[in-house]
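**Q** I need the structure of the sequence given here:
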Amino acid sequence: MDIKNLRGEIKKNEPLCFHTSFGIGGPADMLIYPADRTELIVVLKEIRKRGMPYFALGSGTNVLVRDGGFRGVVICLKHLTGVEVEREYRSVGGAFTVVRAEAGASLAKVLAFTMDKGLTGLEFAAGIPGTVGGAICMNAGTSSGEIGDIVETVSLLSPDGTIVTRGREELGFGYRTCMIPEHHLVLETKLVLRREDKNRIQGRIKDLMEKRSLFQPQGLPNAGSMFKNPHEESAGRLIESVGLKGKSVGDAQVSEKHANFIVNRGKATASDVLKLMEIVKKTVLEMRGIRLEPEIKIIGED
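**A** As a prediction, this is how the structure comes out:
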């Protein structure tokens, strides 16, 4: 596929292992970096005209690409990274500030922006990798909060190139889910935050980061939490309770630090990871009677 006058970059047969936090994944037929929103609309229309499969990729966290890669187009939104204060208002409960963040902006960037402005509400995102678009799609969060809690609206790009805006209540945010219509791409979100003392915000962020460093694996490629926490249970504690901490298939290993992480010890393949996930799911079901569901998104073909 050739698009005339494209200012963004196009890579063909690009290995996705270079674009995921796992460091795993076969090639995509095409990887496109639209230069801005207008170019993204052009790209999407061209893809749809040709009937090609596609998906949007942020920073490649929380995703496992199969070893055969992806037969279609991967759209990378790394140039859509704007963050700004949209407006301020007063309502019941005090003073509020609405921050607009584009889909390709990292959560770390948005958190740094809000901290600098003395805005509270996003601290739970401290240490969560990934971009705004991915965070919206999976309602990223921790026990301290979820992004759906602070969303005012989300703007989506429909398959025909039309921009539609949905309010928080229309998006059906749930545990690691959001009702984004099929084939729609997240363009941006508006987040509602409160004013607070900057030092207090910084203190909370520091505490959360220190806790993450104590309990989550550092230094080895991974995709974050592999399984959703079952109701009132911890996936990590369940996996540890059945003796699978440190279990390996090839270079894929259940982390010895946190059992709900699978790490790439060097040359792990997607096949290794998938086999290890099946072992984990089967063992937890047999020994604890609980069926684990993946939290990561699995794409591509074997």
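**Q** surely residue 253 is within a helix?
**A** No: under DSSP: H, G, I helix; E, B strand; the rest coil, residue 253 sits outside any helix and is assigned strand.
**Q** look up how far residue 253 lies from residue 78.
**A** Relative to residue 253, residue 78 is positioned 30 Å away (criterion: CB to CB, to the nearest Å). (Glycine included, C-beta is placed from N, CA and C.)
**Q** next one: residue 84
**A** In this structure, residue 84 and residue 253 are separated by 42 Å, where distance is defined by CB to CB.
**Q** doesn't residue 221 make contact with residue 64?
**A** No: contact criterion CB atoms under 8 Å: residue 64 and residue 221 do not qualify, at 11.4 Å.
**Q** joint contacts of these two?
**A** Shared contacts of residue 64 and residue 221, defined by CB atoms under 8 Å, 6 or more residues apart in numbering, comprise 22, 24.
**Q** which one of these two is surrounded by more residues?
**A** For residue 64 versus residue 221, neighbours defined as other CB atoms under 10 Å are more numerous around residue 64 (22 against 17).
**Q** got the contact list for the nearest residue to that one once chain neighbours are set aside?
**A** Closest residue to residue 64 apart from its sequence neighbours, by CB to CB, 6 or more residues apart in numbering: residue 298 at 5.0 Å. Under the criterion of CB under 8 Å, 6+ apart, the neighbours of residue 298 are 63, 64, 66, 274.
**Q** of those residues, which is the most crowded?
**A** When neighbours are counted as other CB under 10 Å, the busiest of those turns out to be residue 63, with 25 neighbours.
**Q** pLDDT score for the closest residue to it other than its chain neighbours?
**A** Distances taken as CB to CB, 6+ apart place residue 297 nearest to residue 63, at 4.8 Å, with adjacent residues excluded. Among the per-residue scores, residue 297 shows a pLDDT of 94.
**Q** for the stretch 201-302 of the chain, which segments count as helices?
**A** 235-241, 270-288 (DSSP state H, counting those that start in this stretch).
**Q** distance from the last one to the middle of the chain?
**A** So that's helix 270-288. Taking CA atoms, centre = their mean, to the nearest Å, one finds the center of helix 270-288 at 22 Å from the center of the full chain.
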